[in-house]
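Novice: here you go, sequence then predicted model.
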Amino acid sequence: MNGQVEKIVIVDLRIPFFRLVMFFVKATLAAIPAAIIVGLLAMVVTAIIAAAIGFADWQTMMRSLKL
């Protein structure tokens, strides 16, 4: 590194079709448990907030919000 900056431009990227399909299948399968975990975390956070506000159950919350 002598202080000079080199710029590189990628003009082509060759990925075999089957390998690309397998990557997307793996990414999709990995997203399922991730979505479940995020959903569970959101449910826990929502329950904590509801408990802190003082809503005992769903009907009480709906009546207080007048929905």
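Specialist: Yep, it's here. Bear in mind the structure is a predicted one, so any value in this text is a computation, not a measurement.

Novice: make it CA atoms for all contacts and neighbour counts henceforth
Specialist: Noted.

Novice: give me the mean pLDDT for the strand or helix carrying T60.
Specialist: Using DSSP states H and E, T60 sits in helix 58-65. Averaged over helix 58-65, pLDDT sits at 71.

Novice: check stretch 36-53 too.
Specialist: Across stretch 36-53, the average pLDDT comes to 89.

Novice: for I36, see how far away T28 is.
Specialist: Between T28 and I36 the computed distance is 13 Å (C-alpha to C-alpha, to the nearest Å).

Novice: kindly report the same for F24.
Specialist: 19 Å.

Novice: max-length helix in the chain?
Specialist: Of all segments of type helix in the chain, defined using DSSP state H, the longest is helix 17-53.

Novice: where does that one sit relative to the chain's centre, distance-wise?
Specialist: Remark: helix 17-53 is offset 5 Å from the chain centroid, using C-alpha atoms, centre = their mean, to the nearest Å.

Novice: now stretch 12-29
Specialist: Worked out by C-alpha atoms, centre = their mean, stretch 12-29 lies 20 Å from the chain centre.

Novice: export it as PDB, just CAs?
Specialist: What follows is stretch 12-29, C-alpha atoms only, in PDB (Å, rounded to 0.1, in the frame of the first residue of the first chain):
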ATOM      1  CA  ASP A  12     -19.100 -10.000 -15.900                       C
ATOM      2  CA  LEU A  13     -20.000 -12.500 -13.200                       C
ATOM      3  CA  ARG A  14     -20.400 -16.100 -14.300                       C
ATOM      4  CA  ILE A  15     -22.400 -18.300 -11.900                       C
ATOM      5  CA  PRO A  16     -23.800 -21.600 -13.100                       C
ATOM      6  CA  PHE A  17     -27.600 -21.600 -13.100                       C
ATOM      7  CA  PHE A  18     -28.000 -24.700 -10.800                       C
ATOM      8  CA  ARG A  19     -25.600 -23.200  -8.300                       C
ATOM      9  CA  LEU A  20     -27.600 -20.000  -8.200                       C
ATOM     10  CA  VAL A  21     -30.900 -21.900  -7.800                       C
ATOM     11  CA  MET A  22     -29.400 -23.900  -4.900                       C
ATOM     12  CA  PHE A  23     -28.300 -20.600  -3.300                       C
ATOM     13  CA  PHE A  24     -31.800 -19.200  -3.400                       C
ATOM     14  CA  VAL A  25     -33.300 -22.400  -2.100                       C
ATOM     15  CA  LYS A  26     -30.900 -22.400   0.800                       C
ATOM     16  CA  ALA A  27     -31.600 -18.700   1.500                       C
ATOM     17  CA  THR A  28     -35.400 -19.400   1.400                       C
ATOM     18  CA  LEU A  29     -35.100 -22.300   3.800                       C
END
